[in-house]
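Asker: Need the 3D shape of this:
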Amino acid sequence: MNDNALVKLRQITQTYRSGRKEFVAIRDVNITVGESEFVALLGPSGCGKSTLLRITTGLQKPTEGRVLYRGRPLDGVNPHATIVFQTFALFPWLTVRQNVEVALKPRGFSPEQRAQRAEELISLVGLDGFETAFPRELSGGMRQKVGFARALAVAPELLCLDEPFSALDVLSAESLRGELLEMWTSGTMPTKAILMVTHSIEEAVFMSDRIVVMDKEPGRVVADVIVDLPHPRDRSSPRFAALVDHAYATLAGQTQPEHVEIGTAPGQPGRTRALPNVPVDVLETLLEYVADLGKPADLFRLTEALHIDSDYVLRLSEAAELLGFATVAQGDIDLTPLGEAFAEARIVARREIFATRLRRLPLIQWLLGLLNAANDRRLEYDVALKALELEFPPDEAERQLDLAIEWGRYAELLQYDDDGEVLYLESDQIGASR
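Answerer: A predicted model of the protein is given here:
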């Protein structure tokens, strides 16, 4: 692979600063993409996959490390690489042909050359007859095809895909995956390698030759998996299922002792444990489903049973682990006795069980402690948010506070006045964190 390396990422680290706090988004990442390779970057939301894609193309400079393209250090934007984003990013006032031609104009192509090249690419992606249509006249799948045509217009050696199918409906996404694979495997596209960001395990196994598996906090590579399946791939084959299970097992990991799982509170030494971004009602559905099975559930099969994607299943399993409702090992989730009791309990009992577990989480303990110490047991949302921004980047701090409020309200540990944007404790909740 190294003999024909197209791009190499070496010791890539990306940090961000918010106020006096420095956050490490990616740490010591090493990735090589060779010619004729289709590589998938797979990992949970927030692990830095899209950041790595921007670094690879030169749209973002890493804090540390270097990018080598064909053995030479990359300085600035890579002229041999293009990106297709998850949003369609088309100019609404331009036709299909004009949107494709936009990519060619800066390269010095004449109007005649631009028109001819655009026609060829529009035909290649199957949009013949729509050359003069505007984006508003196209379906989501057709708009993304225009995005592919525009990306291919400059004949890039490296095509980068940033979750290009995630904004599409299921049928459109499946159709476009198949068409992209047909172009890639048949050699009709000029690209020498593809680097695709995805959080869908099945998509990664279905499309790529290699899967670089990442984890978060901070973003890092935890595995590099070869997908040795011929195209077209059969999702029902045992080998396909085995590779998917292996990827799930790698991403989900294994449940750790409780003190490791729950982490520490803001302001304390160690990592402040973020709450998994899932609503309580969906977590209830997962636990009920696994309880009904009466045995450990394969995480891969849960995506089909619950009609959700792999990233969501992994977040749900993480929440179940964090609360002590389940354990995860080798890609399977199994309920603990407490998880079984929660799944079988009625509403009031469920809230009591949930509240008991929630009080054990350092982040919730910290928030309840702030409320108990506040005047009238009331705390402005922005005050709590500013405190959390010392632990998390601003967007994540807001998400964590919103989750803490949602989970806390479900458990009746705290209340929130949306009009006044104030968190508060009822009289019977005062002192609950002590």
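Asker: Pull out the buried positions in the helix-or-strand element of the chain with minimal mean pLDDT.
Answerer: Least confident element among the helices and strands of the chain, by mean pLDDT, DSSP states H and E: helix 258-262 (a mean of 75). The neighbour-count check on helix 258-262 (16 or more other Cβ atoms under 10 Å) flags residue 262 as buried. In short, each C-beta sits where N, CA and C put it, glycine included.
Asker: Tell me which residues are up against the following helix or strand past that helix.
Answerer: Next along the chain after helix 258-262, taking DSSP states H and E as the criterion, comes helix 280-293. Outside of helix 280-293, the residues within contact range by Cβ atoms under 8 Å, 6 or more residues apart in numbering are 296-297, 302, 305-306, 308, 312-313, 316-317, 319-320, 325-326, 333-335, 339-340, 342-344, 350, 354, 406-407, 410.
Asker: CA atoms only for stretch 166-179 - export them in PDB, please.
Answerer: Extracted in PDB, the C-alpha atoms of stretch 166-179 (Å, rounded to 0.1, in the frame of the first residue of the first chain):
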ATOM      1  CA  SER A 166     -27.000  11.100   4.800                       C
ATOM      2  CA  ALA A 167     -29.300  13.900   3.600                       C
ATOM      3  CA  LEU A 168     -31.200  11.600   1.200                       C
ATOM      4  CA  ASP A 169     -34.100   9.300   1.700                       C
ATOM      5  CA  VAL A 170     -33.400   5.600   1.900                       C
ATOM      6  CA  LEU A 171     -34.200   4.700  -1.700                       C
ATOM      7  CA  SER A 172     -32.400   7.700  -3.200                       C
ATOM      8  CA  ALA A 173     -29.300   7.000  -1.100                       C
ATOM      9  CA  GLU A 174     -29.300   3.300  -2.100                       C
ATOM     10  CA  SER A 175     -29.600   4.100  -5.700                       C
ATOM     11  CA  LEU A 176     -26.800   6.700  -5.600                       C
ATOM     12  CA  ARG A 177     -24.500   4.300  -3.700                       C
ATOM     13  CA  GLY A 178     -25.000   1.700  -6.400                       C
ATOM     14  CA  GLU A 179     -24.300   4.200  -9.200                       C
END
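Asker: Return the set of buried residues in it.
Answerer: 166-168, 172-173, 175-177, 179.
Asker: So what touches it?
Answerer: Defining contact as Cβ under 8 Å, 6+ apart, one finds that stretch 166-179 is touched by 86-88, 125-126, 139-141, 144-145, 148, 164-165, 200, 203, 206-207.
Asker: Looking at those residues, which are in helices?
Answerer: 140-141, 144-145, 148, 203, 206-207 (DSSP state H).
Asker: Among those, the buried ones, what's the PyMOL command?
Answerer: Here is the PyMOL command that selects the buried residues among the ones in helices among the contacts of stretch 166-179 (16+ other Cβ under 10 Å):
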select buried, resi 141+144+145+148+203+206+207
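Asker: And the residue of the chain most remote from its centre, how far from residue 118?
Answerer: Within the chain, the residue lying farthest from the chain centre (Cα atoms, centre = their mean) is residue 112, at 41.2 Å. Distance, residue 112 to residue 118, by Cβ to Cβ, to the nearest Å: 11 Å.
Asker: any idea which helix or strand carries residue 363?
Answerer: For residue 363, the host element (DSSP H and E) is helix 362-373.
Asker: Determine how far the least confident helix or strand of the chain lies from the middle of the whole chain.
Answerer: 23 Å (Cα atoms, centre = their mean, to the nearest Å).
Asker: How about stretch 184-204?
Answerer: Using Cα atoms, centre = their mean, the offset of stretch 184-204 from its chain centre is 17 Å.
Asker: buried stuff in that stretch?
Answerer: For stretch 184-204, the neighbour count (16+ other Cβ under 10 Å) marks 184, 189, 191-204 as buried.
Asker: same question, stretch 24-36
Answerer: Residues of stretch 24-36 classed as buried by neighbour count (16+ other Cβ under 10 Å): 24-27, 29, 31-34.
Asker: for the record, mean pLDDT for that stretch?
Answerer: Mean pLDDT, computed over stretch 24-36, is 93.
Asker: Touching it from outside, list them.
Answerer: If you take Cβ under 8 Å, 6+ apart as the criterion, stretch 24-36 is touched by 1-16, 39, 41, 48, 51-52, 62, 65, 158, 192-193, 195, 212, 214, 218-221.
Asker: Out of those residues, which end up buried?
Answerer: Here, 16+ other Cβ under 10 Å leaves 5-10, 12-14, 39, 41, 48, 51-52, 62, 65, 158, 192-193, 195, 212, 214, 218-221 buried among those.
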